[in-house]
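K.L.:
please find the sequence and the predicted model below.
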Amino acid sequence: MRKFALNKLVRDKIFVEMVELGQQPSHKVLTKKEFLIALKAKLLEEAKEFDPNDPHALKELADILEVIETAAQELGTDFEKLRELQMTTRKKRGAFDDKIYIKDLTLQDDDQWVDYYASEPERFPEVKV
């Protein structure tokens, strides 16, 4: 016998299929808090699997959408409300239609955003000029 650590959230039917195949999944039912943490991990997992050059890219996007919709439900809302929030943010901040990618940003020392970027050096490393 061989045993593998999965440590991941799986879809309901995946678990059933494992059992039907005679596999022995050691599992637990998550609490709400654990479930939300597992959904975040699942979202990151699915996002890493998304490759726009892969012929199955749309399937991966659908998987991401499933995780997002489940997370919204777990947070007490539905997909329509999530969509409304998306549209509100899009109206205020725009979408990604122009495909703008910022390489770096130069700010004056007294700019109100300096502290924001400086507070997360792993995310926004400061470039010494």
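P.N.:
Yes, it's here.
K.L.:
neighbours of residue 9, how many?
P.N.:
Using other Cβ atoms under 10 Å, residue 9 is surrounded by 19 other residues. Where C-beta positions appear, they are placed from N, C-alpha and C, glycine not excepted.
K.L.:
cool, the one 5 residues further on as well?
P.N.:
Summarising burial for residue 14: neighbours were counted as other Cβ under 10 Å, giving 10.
K.L.:
host element of it?
P.N.:
If you go by DSSP states H and E, residue 14 is part of helix 12-20.
K.L.:
need the contact partners of that helix.
P.N.:
Defining contact as Cβ atoms under 8 Å, 6 or more residues apart in numbering, one finds that helix 12-20 is touched by 25, 27.
K.L.:
send the alpha carbons of it over as CSV?
P.N.:
C-alpha atoms of helix 12-20 as CSV (Å, rounded to 0.1, in the frame of the first residue of the first chain):
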residue,chain,number,x,y,z
ASP,A,12,-17.9,16.3,-3.2
LYS,A,13,-18.0,13.8,-6.0
ILE,A,14,-14.2,13.5,-6.1
PHE,A,15,-14.4,12.1,-2.5
VAL,A,16,-17.2,9.7,-3.5
GLU,A,17,-15.3,8.5,-6.5
MET,A,18,-12.2,7.8,-4.3
VAL,A,19,-14.3,5.7,-1.9
GLU,A,20,-16.0,3.9,-4.8
